[in-house]
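[1] Predicted coordinates and the sequence they were generated for:
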Amino acid sequence: MINKVHIFIFLVLTMTLTSCYNYRSIGLLQEKNRSLPTYKKSEYVDYRIRVNDEIIYRLMTSDETISKLISSESAGSSQNMMTYRVYPDGTIDLPFIKNIYIEGLTLNEASKVIEDRFRELIPDAAIKLTLANKTFTVIGEAGTGVFNISRDKFTIYQALSLSGDLKHSGDFKHVRIIRENNEGTEVLEFDIRPASVIESKYYYIYPNDIIYVQRAASSFYKIENSWSNFIGVVSSSLSLLVTVLYYGKL
């Protein structure tokens, strides 16, 4: 009977230890884990304007009369600024200037194109553009919601910190970014644990990206790696053992 008790305790401890989350399975920025993939560095590429993007523009000129006239045409409160949609033909209409083709251009390139058109009317015109739809979406085991991109070169780590970080039950090996481009929908799948994610093609988040983290199949058998959970599992197992031994003697 004693040997059976020892075997039972050994099995419980083994199952408990192997079912805990550990750094190798959920740790980020790992450098010495040879079982993880290594990703190549990739240069940051500026976002290019797409059909249905919403554009906010600002015209600057020393001519106060024209400035007030243009402002009255594009009036909006600071909380609800006027936006201009990129039409299916890739063009945008702004006050007094129509059919400006900007699809596929970066914001800086589009600003220059629009500025050149305005300077046909206003010699010292200067244009600043920004996107109204600078948002990304998170679903799955990293939270759920739509969040704003607050800066250029916004990273996957910043995105996940906004959504609430990755749950331990998430599949760290198969994180997906769903991204629209001119060719259609692209799905980028990667392991988020290695440090080489930094500056790889998976590192930066762009407007309209969707980040999806599925639940890991093995998470059903896992427990949080803490002393309280460990003691709880051991205590429950020992209680079961005592009950079995008690009724076994009856």
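    Yep, it's here. Numbering: from 1, shown residues only.

[2] so where do the strands sit in this protein?
    54-60, 84-85, 91-94, 97-101, 126-131, 135-140, 145-148, 175-181, 184-190, 210-213 (DSSP state E).

[3] List the strands paired with the second one, with their directions.
    Using DSSP bridges, the strands paired with strand 84-85 in its sheet are strand 54-60 (antiparallel).

[4] Show me what counts as buried in the partner strand.
    Residues E54, I55, I56, Y57, L59 are the ones in strand 54-60 that count as buried (16 or more other C-beta atoms under 10 Å). All C-beta atoms are positioned from the backbone trio N, CA, C, and that covers glycine.

[5] how near is the fourth one to R176?
    To tie it back to what came earlier, the one meant is Y57. 34 Å (C-beta to C-beta, to the nearest Å).

[6] I'd guessed T137 sits against Y206; true?
    No. With contacts defined as C-beta atoms under 8 Å, T137 does not count as touching Y206, sitting 11.9 Å away.

[7] Report the beta-bridge partner residues of the residue nearest to N208 when sequence neighbours are not counted.
    Closest residue to N208 apart from its sequence neighbours, by C-beta to C-beta, 6 or more residues apart in numbering: E180 at 5.8 Å. Here E180 sits in beta bridges with T185, as judged by DSSP bridges.

[8] got the contact list for E180?
    E180 makes contact with R50, E186, N208, according to C-beta atoms under 8 Å, 6 or more residues apart in numbering.

[9] switch to 10 Å and redo it
    R50, V51, N52, E186, Y206, P207, N208, D209, I210 (C-beta atoms under 10 Å, 6 or more residues apart in numbering).

[10] Please apply the same query to Y157.
    L28, L29, D165, L166, I192, V197, I198, Y203, I205.

[11] burial measure for the closest residue to the first one other than its chain neighbours, as a count.
    The spatially closest residue to L28, leaving aside those adjacent along the chain, is R193, at 6.0 Å (C-beta to C-beta, 6+ apart). As a burial measure, the neighbour count of R193 was computed by other C-beta atoms under 10 Å and equals 22.

[12] Quick check: R193 touching N22?
    No. With contact defined as C-beta atoms under 10 Å, R193 does not reach N22; the gap is 11.7 Å.

[13] Endpoints of stretch 135-151, how far apart?
    Stretch 135-151 has an end-to-end distance of 11 Å (criterion: C-alpha to C-alpha, to the nearest Å).

[14] cool, stretch 165-173 as well?
    Termini of stretch 165-173 sit 15 Å apart (C-alpha to C-alpha).

[15] Buried ones in that stretch, by neighbour count?
    Buried, per 16+ other C-beta under 10 Å, within stretch 165-173: L166, H168, S169, G170, D171, F172.

[16] same deal with stretch 92-105?
    For stretch 92-105, by 16+ other C-beta under 10 Å, it's I92, L94, P95, I100, I102, E103, L105.

[17] could you redo the residues you listed as TSV and give each row pLDDT and distance to D116?
    TSV is the format used below for the buried residues of stretch 92-105 (pLDDT from 0 to 100; distance: C-beta to C-beta, whole Å):
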residue	pLDDT	distance to D116
I92	97	14
L94	93	13
P95	87	16
I100	97	10
I102	97	12
E103	96	17
L105	97	12
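
[18] and of those residues, the nearest to T38?
    Proximity to T38 was ranked across these by C-beta to C-beta; first place goes to L105, at 34.2 Å.

[19] Name the nearest residue to that closest one, ignoring sequence neighbours.
    Closest residue in space to L105, ignoring its immediate chain neighbours: I49 at 5.5 Å, by C-beta to C-beta, 6+ apart.

[20] Would you confirm that the one you found contacts I100?
    No. I49 is beyond contact range of I100, at 11.0 Å (criterion: C-beta under 10 Å).

[21] list residues touching both of the two?
    I55, V86, G90, I92, A110.
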